[in-house]
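Peer 1: Let's see this in three dimensions:
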Amino acid sequence: MTVRLAILTVVRNDLAGLIATHGSLREQTSQRFDWIVVDGASTDGTAEWLAEHARETAWCRSAPDGGIYDAMNIALEAALEGTAASHLLFLNAGDRLAGPFVLDHLERLAGCERDADLIYGHAHERMPDGRVMVKRARSHRWAALGMFTHHQAMLYRRGAVADLRFDSRFAVAADYAFTLGVLSRGGRAVLSPCCLCEFAPNGRSQRQPDLGRREQCTIRSELLGYGILGNATLFGLQCLTLTIRRHVPRLYEKFRFRPSDTSCLL
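Peer 2: Sure, this is the predicted structure:
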């Protein structure tokens with residue numbers, strides 16, 4: 001199997017974020033990837049920018065859609081139907097890769113771990129004071145607790161997601177359901193020792209954490225068979241974690257973050 005990546009980006013009225021994501025892709029030492037862009041009928045110049053850069057995308061469109069997860073489904077179908085990519089990475093407008101060697105690293109790792117359905121890694125996250133810290137991924141074996149790393153730090157094998165789609169019932173946690181759908185089939189998941197993405201703050205999951213936790217309860221019930229007691233316990237733990245992050249941020253940072261380090265990509 002020849003490893004080739006597809007980078008799937010969705011955007012709506014965030015031209016500055018799209019340009020930042022584009023810049024991150026252009027600085028990669030490996031340019032062996034297909035860039036798929038789905039724009040939800042932006043009115044801020046995004047469509048015009050995409051038209052000017054059409055040669056840099058394998059496929060793009062600017063048209064109304066049903067929201068972020070509908071757009072991600074459109075991007076997924078475009079990648080499956082229109083590219084020969086073996087692996088897929090969702091990198092939305094505003095998100096960046098953690099350094100110029102990330103795609104090169106993922107190509108090599110995917111080539112070594114050919115039967116892995118999911119490759120995931122750590123993430124950079126910007127603190128309110130401007131510092132960039134490492135948010136380490138949890139093991140995928142603890143997926144019942146919620147997303148174990150940022151979605152932008154997950155590389156999916158094409159065959160593992162060919163018949164999966166994002167569930168539009170969920171406004172915040174459809175990426176969690178999608179990832180559990182991959183893991184529930186028993187495929188291998190491999191943790192990279194490296195940071196793979198720089199997460200753009202103030203995304204929907206951060207703006208609507210309560211909705212996200214409620215959706216995760218539904219997803220755990222449907223995909224993992226969790227009952228009321230199990231869901232209530234995990235919901236309480238998530239609420240406690242969010243309370244600590246909001247009100248005692250230094251304590252949360254001590255246990256959840258590490259100083260930035262990209263040495264494994266050099």
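Peer 1: Can you give me every residue that contacts the nearest residue to residue 238 once chain neighbours are set aside?
Peer 2: Residue nearest to residue 238 in three dimensions, not counting chain neighbours: residue 213, with 5.1 Å by CB to CB, 6 or more residues apart in numbering. C-beta here means a position set from N, CA and C on the backbone, and glycine is covered the same way. Remark: with contacts taken as CB atoms under 8 Å, 6 or more residues apart in numbering, residue 213 is in contact with 146, 235, 238-239.
Peer 1: do that again at 10 Å, thanks
Peer 2: Remark: with contacts taken as CB atoms under 10 Å, 6 or more residues apart in numbering, residue 213 is in contact with 146, 172-173, 205, 231, 234-236, 238-239, 242.
Peer 1: Would you mind checking these for buried ones?
Peer 2: Neighbour counting over these (16 or more other CB atoms under 10 Å) leaves 146, 172-173, 205, 231, 234-235, 238 as the buried ones.
Peer 1: For those residues, give me TSV that also has secondary structure and pLDDT.
Peer 2: Listed next are these as TSV, based on DSSP: H, G, I helix; E, B strand; the rest coil; pLDDT from 0 to 100:
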residue	secondary structure	pLDDT
146	coil	92
172	coil	94
173	coil	95
205	helix	63
231	helix	86
234	helix	84
235	helix	85
238	helix	84
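Peer 1: Could you identify the pair within these that is furthest apart?
Peer 2: The distance between the two most remote of those (CB to CB) is 18.3 Å, for 205 and 231.
Peer 1: so residue 177 touches residue 166, yeah?
Peer 2: Yes. Under the criterion of CB atoms under 10 Å, residue 177 lies in contact with residue 166, with a separation of 7.5 Å.
Peer 1: Touching both of the two, which residues are there?
Peer 2: With contacts taken as CB under 10 Å, 6+ apart, residue 177 and residue 166 have residue 69 as neighbours in common.
Peer 1: does the residue of the chain positioned farthest from its centre count as helix, strand or coil?
Peer 2: In the chain, counting by CA atoms, centre = their mean, residue 229 sits farthest out from the average C-alpha position, at 29.3 Å. Of the three states, residue 229 takes helix according to DSSP: H, G, I helix; E, B strand; the rest coil.
Peer 1: ok, now how distant is it from residue 220?
Peer 2: In this structure, residue 229 and residue 220 are separated by 12 Å, where distance is defined by CB to CB, to the nearest Å.
Peer 1: Please apply the same query to residue 173.
Peer 2: For residue 173, the distance to residue 220 equals 10 Å [CB to CB].
Peer 1: Now the common contact residues for these two.
Peer 2: The contact lists of residue 173 and residue 220 share 146, 180, where a contact means CB under 10 Å, 6+ apart.
Peer 1: okay, and for the stretch 101-250 of the chain, where does confidence drop off?
Peer 2: Flagging of the stretch 101-250 of the chain using pLDDT under 70 yields the residue ranges 200-206.
Peer 1: where along it do the helices fall?
Peer 2: 102-112, 158-161, 174-183, 204-207, 209-219, 228-247, 249-256 (DSSP state H, counting those that start in this stretch).
Peer 1: Of these, which is nearest residue 41?
Peer 2: Taking CB to CB, helix 204-207 is the member of the helices of the stretch 101-250 of the chain nearest to residue 41, at 18.4 Å.
Peer 1: where along the protein do the strands fall?
Peer 2: Assigned by DSSP state E, the chain shows strands spanning 5-11, 33-39, 59-62, 87-90, 96-97, 116-126, 132-135, 154-157, 188-199, 257-259.
Peer 1: Fine by me, thanks again.
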